[in-house]
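Q: What follows is a protein structure lacking sequence information:
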């Protein structure tokens, strides 16, 4: 019996590993050569075998995407090769080629697993359609493999769901952590008949403290009032540290017991069964059962508690992962919306200065020798001016990236006069272009914030005031200390004003192209302002009425009531 080792190709091998390789076993050299040329022109790699033995040898040495077998071969027939392939875990599709009258062989070939067949015709006409048959067979094979993979994935998924349903149905009927814990403490209290059950979760962000997540006692759920234990304190702390269950029949005789919680709740703990809430990777908390009502805690109590605790730990971890997933999804969606809006805004804002730069650069290149010196100077100044505009837009991008990437920033006392001065310096060309007049106070209250971010806030507010203010714009800047300990900083313009129906929507990113926005829209800059101020523990807002201009403000916590004088002139 001929032996053949056939490696099973990967599911996506045909479509991902480049040119597909075909083996044609044919004892007629002329026919084989013609077939080889046809398929090579179609992008295949074609190997030829002049007889059955050579075909078997090639199948051992090389994996093929498809095998075409002539039925009548020397040393080993096509049917024998197909029988060998059928006995091996090979998924290579096979096309059987036989004489027109040999329908019996074709039927047997299909039974043995041949993917397709072809009858030889006179003058080798079958070779004209053989490439199409090859392509069809490969595509059908690919679809079948994809279907099999999908079915296997579904089968595996169903097995996992059944297993999950059996083990954690009681505790994982919801992905709400509070509901999972509520079900756990209530179930354990009733099953083991104890006076009370509590769940303590490890808070890794608070140096490993254990925080009480739920208490069930005397038939009712009790919402814990910020109960927590320092790391390694109490029996619960010991369980977390060593990852082991423990039973204490009399807590008065156990040095590990801490009466701190009893003093806070008025509960009288006498005996405890504590088991770890353990996921496959770590301990996430502790399940405590207190004061068994009939006798002492038994071994079966511990086994039951550990079994449910294991399921609960996985459910809690899954709920946390889902919560994180939802938060990441919402954040990603918000970022995508913001990036879409920013793409529209940046593309529009960059296009104008870039067009001016290219236009004047072309004029200088083509007419430099004939242009008067004054014109050359004017053109260069225009190029510089619009280059600075582009630089400002890029700075905005970088600042936005910095704000988005920062989870938190250390707040410091900010001299708002210095921040405003730097912003106005940055906007010098814009002020000149709009012939704007800016009035600033002689002194500013000191707020808590972060200077570089606040410069971006002022830049956005002032930019919008220049765009939508009067002609020419008269801008007034100021600050007011409020009774709630916040300082409101504001920019007032002399524009046409607008009717604000929804302030929150005004500060949300807009995906509408700038050229299509209504006058009441202030673009993406305000969404950046809102993001910054919220991270600085402040609020944003706007006030406006048609015909009375607009005032945009932000409020930050006050650092002190002292005043700082800004190094800027009152009129710019």
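A: Alright, I've got the coordinates. This is a predicted model, so every value here is computed, not measured.

Q: Hmm, residue 382 and residue 429 touching each other?
A: No. When contacts are counted by C-beta atoms under 8 Å, residue 429 is not listed as touching residue 382 (10.3 Å). Placement of C-beta: from N, CA and C, glycine included.

Q: what is in contact with those two at once?
A: The contact sets of residue 429 and residue 382 do not overlap (C-beta atoms under 8 Å, 6 or more residues apart in numbering).

Q: Does residue 148 lie in a helix or a strand, and which?
A: Assessed by DSSP states H and E, residue 148 sits inside helix 126-168.

Q: swap in residue 47?
A: strand 45-49.

Q: So which elements touch that strand?
A: strand 21-25, helix 29-41, helix 52-61 (3 or more C-beta pairs under 8 Å, 6 or more residues apart in numbering; DSSP states H and E).

Q: Can you add mean neighbour count and mean pLDDT and give those back as a markdown table?
A: Formatted as a markdown table, these follow (neighbours: other C-beta atoms under 10 Å; pLDDT from 0 to 100):
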| stretch | mean neighbour count | mean pLDDT |
| --- | --- | --- |
| strand 21-25 | 24 | 91 |
| helix 29-41 | 15 | 86 |
| helix 52-61 | 18 | 87 |
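
Q: which one of the ones you listed lies closest to residue 88?
A: Residue 88 sits nearest to helix 52-61 of all the helices and strands packed on strand 45-49, at 9.5 Å, using C-beta to C-beta.

Q: And that closest one, how far out from the chain middle?
A: Between the centre of helix 52-61 and the centre of its host chain there is 49 Å, according to C-alpha atoms, centre = their mean, to the nearest Å.

Q: ditto for stretch 368-388
A: Stretch 368-388 sits 47 Å away from the centroid of its parent chain (C-alpha atoms, centre = their mean).

Q: what's next to it, contact-wise?
A: So stretch 368-388 is contacted by 352-354, 356-357, 360-361, 363-364, 429, 433 (C-beta under 8 Å, 6+ apart).

Q: pLDDT wise, what is residue 255 at?
A: You'll see residue 255 listed with a pLDDT of 90.

Q: So what's the residue count around it?
A: For residue 255, the number of neighbouring residues by other C-beta atoms under 10 Å comes to 6.

Q: Nearest approach to residue 505 belongs to which of the helices and strands packed on strand 45-49?
A: With C-beta to C-beta as the criterion, residue 505 lies closest to strand 21-25 of the helices and strands packed on strand 45-49, at 59.8 Å.

Q: domains of this protein?
A: 13-148, 177-323, 408-564 (automatic domain parsing).

Q: Could I get those domains in CSV, plus columns for distance to residue 392?
A: Listed next are these as CSV, based on distance: least, C-beta to C-beta, whole Å:
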stretch, distance to residue 392
domain 13-148, 46
domain 177-323, 39
domain 408-564, 7
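
Q: Which one of those domains lies nearest to residue 347?
A: Nearest to residue 347 among the domains of the chain is domain 408-564; the distance by C-beta to C-beta comes to 8.5 Å.

Q: ok, how many other residues are close to residue 312?
A: When neighbours are counted by other C-beta under 10 Å, residue 312 comes out with 28.
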